[in-house]
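# how would this look folded up:
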Amino acid sequence: MTARFLVARLSALGDIVFAVPAVAALRERFPNAQIDWLVEDRFEELVRSLPLVDTVHVFPRKQWKNAGIGKPNGFASGLRAMLHHIGSLRRLPPYDAVIDFQGNLKSSLQLGQLDTALRVGFDKGGAKEGAHRRYDLRVTNPGRVHRSMRDYALVRAFLKQRFPEEEIASTPPAIPPWPLDAQAVRDTLAAIEKDVPNFVLLHHGYTAYGQDKEWPIEHWGTLCQQLRAAGYRPRLLWTPAERTRAEKVLVAAKGKATLAPATPSLDHLMALLDRAQLLIGTDSGPLHLSALRGNEVLALYGPTDPIRFAPPGPRAHTLRAQEDEAEPPPRDRSRRSPLMDTLLPQRVASEAIRLLS
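Residues are numbered from 1 along each chain as shown. This next block holds a predicted model:
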């Protein structure tokens, strides 16, 4: 009988990337199993692109969160979407195990709707909001390790329980780049065909939840000028929400950078990442995604801990504002960290040019 598993990592983009190696380990041990993934609607596109996953179950976060904005029956619409989602989970066939990488109230309540023989998650101190009470197999938080290894600890504990006589690998398998939508690749190639091959992508954006990771616009502008002087062509990644900031970086770059092609889908973004010589950015989802696909990335880290959150991949490099490997001080996510100001563009340009050459 085919084994059935479900994993849950609802958000965010970088955290989903970190969970992929653990799911790959599950797939490696059960090549013929049914492996499903529960994810928020904002990130389902990435999970659907993964060959490791059979079925994607989507938590309708956008409908639930935004239903009441400017709509007469908004709450009712959001409630219907949520009830439909909960009902669909309850109707799923039984699973042999569900593994909760998210580890909070939101994920554990959804997984509680499933018929399963085993629920796997972190014990108190690793899970949040009392989620640990809903797990059958509780795993001790491994501490200050990379997030991909932290997630793998759940899969490894499950495999050890399932196969007590076998030696279970201490690390998850490497992730080869997976195929992308062919039309997205064609679109991207057409958008960059007039470009010289030595373009460098810069990801200058940050989220409202991670304002402390902002690198100053003036630093991005100086970096663009120094890369262009060395013979490379800086291109700025952007989304519609980041367009205004990108234009400010262009002004600071004094004509030495241009916008990258638009990326209307995640496959378009990945196709663009794959064709850049280097991606330079702060701790962000696109940076981690590019690193996971095996691309060269240079990460700029100030308030976040690279021991836990460095981009995963064989060609990932990190520049720290701190010179030692001490854990950064507690974060204030509401404003730019002073550590980011001390990471000077001359240092970044020097390291980027070394990698590029």
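# low pLDDT regions in this structure?
Counting by pLDDT under 70, the ranges of the chain that qualify are 66-74, 194-197.
# grab the longest strand from it for me.
Criterion DSSP state E: the longest strand present in the chain is strand 34-40.
# other SSEs contacting the following helix or strand past it?
For strand 34-40, the succeeding helix or strand toward the C-terminus, using DSSP states H and E, is helix 44-49. Contacting helix 44-49 under the criterion 3 or more Cβ pairs under 8 Å, 6 or more residues apart in numbering; DSSP states H and E are the following elements: helix 13-29, strand 55-59, helix 266-275. For glycine as for every other residue, the C-beta is placed from the backbone atoms N, C-alpha and C.
# any buried residues in the second one, and which?
It stands for strand 55-59. Using 16 or more other Cβ atoms under 10 Å as the test for burial, strand 55-59 gives 56-59.
# sorry, back to before: who wins for proximity to residue 135 among the helices and strands packed on helix 44-49?
helix 13-29 (15.9 Å; Cβ to Cβ).
# distance to residue 1 for the buried residues of strand 55-59 - can I get that in a markdown table?
Listed next are the buried residues of strand 55-59 as a markdown table, based on distance: Cβ to Cβ, whole Å:
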| residue | distance to residue 1 |
| --- | --- |
| 56 | 23 |
| 57 | 21 |
| 58 | 27 |
| 59 | 28 |
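# so who does the closest residue to residue 155 other than its chain neighbours touch?
Using Cβ to Cβ, 6 or more residues apart in numbering and skipping residues adjacent in sequence, the residue nearest residue 155 is residue 22, 4.6 Å away. Residue 22 makes contact with 7, 99, 101, 148, 151-152, 154-155, 172, according to Cβ atoms under 8 Å, 6 or more residues apart in numbering.
# mind jotting down where the strands sit in the stretch 251-357 of the chain?
258-259, 278-282, 297-301, 316-320 (DSSP state E, counting those that start in this stretch).
# let's have the ones you listed in CSV, adding distance to residue 177.
Listed next are the strands of the stretch 251-357 of the chain as CSV, based on distance: least, Cβ to Cβ, whole Å:
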stretch, distance to residue 177
strand 258-259, 25
strand 278-282, 14
strand 297-301, 13
strand 316-320, 14
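# out of the ones you listed, nearest to residue 28?
Taking those one by one with Cβ to Cβ, strand 316-320 is closest: 21.9 Å.
# related to what we said a few turns ago, with respect to residue 211, which of the helices and strands packed on helix 44-49 lies nearest?
helix 13-29 (15.8 Å).
# thinking again about what came up before, so which elements touch the longest strand of the chain?
Using 3+ Cβ pairs under 8 Å, 6+ apart: strand 34-40 touches strand 4-8, helix 13-29, strand 55-59, helix 105-111.
# centre of the chain to the longest one, how far?
Between the mean C-alpha point of helix 13-29 and the mean C-alpha point of its chain there is a distance of 11 Å (Cα atoms, centre = their mean, to the nearest Å).
# now do the buried residues in that helix.
By neighbour count on 16+ other Cβ under 10 Å, the buried set for helix 13-29 is 13-27, 29.
# how about the last one?
Residues of helix 105-111 classed as buried by neighbour count (16+ other Cβ under 10 Å): 106-108, 110-111.
# what's the closest of those to residue 247?
Using Cβ to Cβ, the buried residues of helix 105-111 come closest to residue 247 at residue 106, 36.0 Å.
# for residue 77, see how far away the residue nearest to the closest one when sequence neighbours are not counted is.
Distances taken as Cβ to Cβ, 6+ apart put residue 10 closest to residue 106, at 6.6 Å, once the chain neighbours are dropped. As judged by Cβ to Cβ, to the nearest Å, residue 10 and residue 77 stand 21 Å apart.
# so between these two, which is more surrounded?
Set side by side, residue 10 and residue 77 show more neighbours around residue 10, with 23 against 16, by other Cβ atoms under 10 Å.
# returning to what we had before: among the contacts of residue 22, which are in strands?
Among the contacts of residue 22, the members falling in strands (DSSP E) are 7, 99.
# need the contacts of residue 22 in TSV with neighbour count and distance to residue 220, can you?
Formatted as TSV, these follow (neighbours: other Cβ atoms under 10 Å; distance: Cβ to Cβ, whole Å):
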residue	neighbour count	distance to residue 220
7	27	36
99	29	39
101	26	33
148	22	28
151	26	32
152	28	34
154	26	38
155	27	38
172	22	34
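# go through the contacts of residue 22 and name the one nearest residue 192.
When the contacts of residue 22 are ranked by distance to residue 192 (Cβ to Cβ), residue 148 comes first, at 30.3 Å.
# quick one: residue 113 and residue 85 touch, right?
No - taking Cβ atoms under 8 Å as the definition, residue 113 is not a contact partner of residue 85, at 9.1 Å.
# could you pull out the helices for the protein?
13-29, 44-49, 61-66, 74-90, 105-111, 147-162, 182-192, 217-229, 243-253, 266-275, 285-292, 306-309, 338-342, 345-356 (DSSP state H).
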